[in-house]
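# compute the structure for the input listed below.
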Amino acid sequence: MKNNQASGRQEKSMSRRTFLGTAAAAGAFTLVPRHVLGGPAHVPPSERLNIAGIGVGGRGAANMAALNDEKQNLVALCDVDWSNAAGTFRRYPDAKKYKDFRKMLDAEDKNIDAVVVSTADHCHAVASIAAIKRGKHVYCEKPLTHDVYEARMVAQAAREAKVATQMGNGGQASEERRVLAETIWAGAIGAVREVHIWTDRPNNGIFGEYWPQGVGRPKETPSVPDTLDWDTWLGTAPVRPYHPAYTPFKWRGWWDFGTGALGDIGCHSFDPAVRALKLGAPLSVEASSTRVNDETYPLGSIVTYRFPAREDMPALKFVWYDGGLKPDRPEGMDPNWQMGTNGSLYFGDKGIMAGHVVMPRARRDEFGKPAKVLPRSPGHYVEWINACKGGEPAGSNFDHAGPMTETVLLGNIALRMQLRERLFREALQWDSEKMQFTNVPEANQYLRREYRQGWTL
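Model (predicted):
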């Protein structure tokens, strides 16, 4: 059956919360003086945002450049490593420079409207909530937080403060994500019962290592570089000696600082499935992996989530692979289709979707193209800018990003070395409302870290 016959059903099934905010346009705003709206958290569309960056080397540099391209004002820049951030500092010489984001927020409170958080994962939550409590709009890199508990708290804080938010999974604004959802909703592959997603991280076998995993703590204790504030970089994490194995960027594979391959890529690749398949919290999670230790994530892992039936959709098995592991090549795929080092497969009763392409070819030809029922995005950063100025919520605002981050991070708990023997025998059963595992109480300690003294949400 051609897809256009189902367009009425598609529109009825589409939730307003799906791809929230992507239809906002700047021309729809009303020009109101800022003082009438009540301070820096309310920015009229006629004005540029005054933005501060926390963590402005690496990914933070790219975020600053994107917002500068959108003609926003970059007024303050903070980074604990002034060598790593030197390029960003040179590009924006008029912005004030800081090493400690707490001092920056205190000093610049009246001068900034919004904050971009691009630190290591373990400081995402404390930096985001510090800004939210001051009424600042927040853009935070993915994953939204390091821990499940933090994700719940950050989303709640943003909701209560009524600030505009966006997580840094830019692909959510793409055309492909919308086509995938529209195709599934139109019934192109029938009811979807399994999803398989894979990545080459932390290694890809071509360009070498993205970051180290499956290694122990280094024994050497070199001197801290003069340009680095190591104590502030440690932030919420337990104290340990400095080593270049941790920073810059290599922190992602360490339990104390990062969230491994799953945390890095999961918030990108889970997102289209969460939206198209209307996924809430999983019922259970289980995992298998290469050898794991208590310092770094394993070299490769497979994590399986089980989701309940939802609305008109059946129960779902959702499998994640990293470290170069992949599912078997399905039967019926186009002969020239390559699995690739990163990809996804959606298995339905009538066919398969590889990425956003329906297979086999015969089913694709029969189906045609889906009707457009979703609003298209003006751009990932523009969504957030518009939301800060009173427009619709951005597509990956924290009401969406928080629960999805919780799901992603549950998988890391299933990889914990301390739970390995127990989890050989059973999956972790998850009660999202109570925010606890119901069958393995000792797993609950990994939902929330103990911060070191001096750091708090």
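
# which residues in the stretch 351-457 of the chain form strands?
Secondary structure of the stretch 351-457 of the chain by DSSP state E, counting those that start in this stretch: the strands cover 352-354, 357-359, 428-431, 436-437.

# can I get the ones you listed in TSV including distance to residue 164?
C-beta coordinates here come from the backbone N, C-alpha and C atoms, glycine included. Shown next, in TSV, are the strands of the stretch 351-457 of the chain (distance: least, CB to CB, whole Å):
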stretch	distance to residue 164
strand 352-354	32
strand 357-359	34
strand 428-431	30
strand 436-437	31
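
# wait, doesn't residue 321 sit right on residue 197?
Yes: between residue 321 and residue 197 a contact is recorded at 7.1 Å, counting by CB atoms under 8 Å.

# more neighbours: which of the two?
Neighbour totals were compared for residue 321 and residue 197, and residue 197 leads with 24 against 20 (other CB atoms under 10 Å).

# residues touching that one, list them.
Applying CB atoms under 8 Å, 6 or more residues apart in numbering, we find residue 197 in contact with 269, 270, 273, 318, 319, 320, 321, 343, 344, 345.

# before we move on, back to that, shared neighbours, residue 321 and residue 197?
With CB under 8 Å, 6+ apart, residue 321 and residue 197 have no common neighbours.

# in helices only, show me the contacts of residue 197.
Using DSSP state H, 269, 273 are the members of the contacts of residue 197 that sit in helices.

# tell me how far the residue nearest to residue 370 when sequence neighbours are not counted lies from residue 194.
Closest residue to residue 370 apart from its sequence neighbours, by CB to CB, 6 or more residues apart in numbering: residue 182 at 3.9 Å. From residue 182 over to residue 194 the distance is 20 Å, taken as CB to CB, to the nearest Å.

# look at the two and report which has more neighbours.
With neighbours defined as other CB under 10 Å, residue 182 and residue 194 compare such that residue 182 has more, 22 against 14.

# list the contacts for residue 132?
Residue 132 touches 138, 154, 157, 158, 161, 163, counting by CB under 8 Å, 6+ apart.

# ok, these vs residue 450, which is closest?
Distance to residue 450, by CB to CB, is smallest for residue 154 among those, at 17.8 Å.

# would you mark the buried spots in the helix or strand containing the closest one?
If you go by DSSP states H and E, residue 154 is part of helix 148-161. For helix 148-161, burial by neighbour count (16 or more other CB atoms under 10 Å) applies to 148, 149, 150, 151, 152, 153, 154, 155, 157, 158, 161.

# and the helix or strand following that helix, what does it pack onto?
Later in the chain than helix 148-161, the nearest helix or strand by DSSP H and E is strand 165-167. Using 3 or more CB pairs under 8 Å, 6 or more residues apart in numbering; DSSP states H and E, the elements in contact with strand 165-167 are strand 137-140, helix 380-388, helix 398-413.

# quick one: distance of the helix or strand harbouring residue 266 to the chain centre.
Using DSSP H and E, residue 266 maps to helix 260-269. Counting by CA atoms, centre = their mean, to the nearest Å, helix 260-269 is centred 7 Å from the centre of its parent chain.

# what of stretch 85-102?
25 Å.

# so what's the nearest residue to residue 281 once chain neighbours are set aside up against?
Residue nearest to residue 281 in three dimensions, not counting chain neighbours: residue 432, with 3.4 Å by CB to CB, 6+ apart. Residues in contact with residue 432, defined by CB under 8 Å, 6+ apart, are 280, 281, 406.

# contacts only, for the first one.
This points to residue 280. So residue 280 contacts 307, 310, 403, 432 (CB under 8 Å, 6+ apart).

# now it: which helix or strand?
For residue 280, there is no helix or strand it lies in under DSSP H and E.

# phi, psi of it?
Main-chain dihedrals, residue 280, degrees, to the nearest 10: phi -100, psi -140.

# my guess is residue 427 meets residue 303, correct?
No: applying CB under 8 Å, one finds residue 427 not in contact with residue 303, separated by 10.6 Å.

# what touches both of those two?
285, 286, 414.

# returning to what we had before: of the contacts of residue 432, closest to residue 110?
residue 406 (34.2 Å).

# make sure the closest one is actually in contact with residue 150.
No: between residue 406 and residue 150 there is no contact under CB under 8 Å: 9.4 Å.

# any regions of the stretch 301-450 of the chain where pLDDT drops low?
By pLDDT under 70, the stretch 301-450 of the chain contains no weakly predicted segment.

# show me how this protein divides into domains.
19-172+381-397, 174-375+403-447 (automatic domain parsing).

# for residue 457, which of those domains is the nearest?
Using CB to CB and comparing those, the one that lies nearest residue 457 is domain 19-172+381-397, at 5.2 Å.

# next one: stretch 264-275 to chain centre, how far?
7 Å.

# give the rounded mean pLDDT of it.
Average pLDDT, stretch 264-275: 97.

# now what about it, what contacts it?
Everything outside stretch 264-275 that qualifies as a contact, by CB under 8 Å, 6+ apart, is 18-19, 142-144, 167, 169, 171-172, 176-177, 180-181, 195, 197, 199, 201, 252, 258, 279, 318, 320, 322, 342, 344, 346, 396, 400-401, 404-405, 407-408, 411.

# quote the end-to-end distance of stretch 288-298.
10 Å (CA to CA, to the nearest Å).

# for the remainder of this discussion, apply numbering that starts at 55.
That works, and once the first residue is 55, the last one we named lands at stretch 342-352.

# flag every buried residue along it.
342, 343, 346, 349, 350, 351, 352.

# stretch 187-196 too?
Applying 16+ other CB under 10 Å to stretch 187-196 flags 188, 189, 190, 191, 192, 193, 194, 195, 196 as buried.

# identify the residues contacting the last one.
Contacts for residue 196 (CB under 8 Å, 6+ apart) come out as 221, 222, 223, 317, 318, 321, 322, 455, 459.

# try 7 Å this time
Residues counted as contacts of residue 196 (CB atoms under 7 Å, 6 or more residues apart in numbering) are 221, 222, 223, 321, 322.

# any idea which helix or strand carries it?
Using DSSP H and E, residue 196 falls outside every helix and strand.

# before we move on, back to that, can you put the helices and strands packed on strand 219-221 in JSON lines and add distance to residue 113?
JSON lines is the format used below for the helices and strands packed on strand 219-221 (distance: least, CB to CB, whole Å):
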{"stretch": "strand 191-194", "distance to residue 113": "11"}
{"stretch": "helix 434-442", "distance to residue 113": "13"}
{"stretch": "helix 452-467", "distance to residue 113": "16"}
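
# highest average neighbour count across those?
strand 191-194 (a mean of 30; mean count of other CB atoms under 10 Å).

# alpha carbons only: can I get it in CSV?
Listed next in CSV are the C-alpha coordinates belonging to strand 191-194 (Å, rounded to 0.1, in the frame of the first residue of the first chain):
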residue,chain,number,x,y,z
HIS,A,191,19.7,29.2,29.3
VAL,A,192,22.0,26.2,28.9
TYR,A,193,23.4,24.3,25.9
CYS,A,194,25.2,21.2,27.2
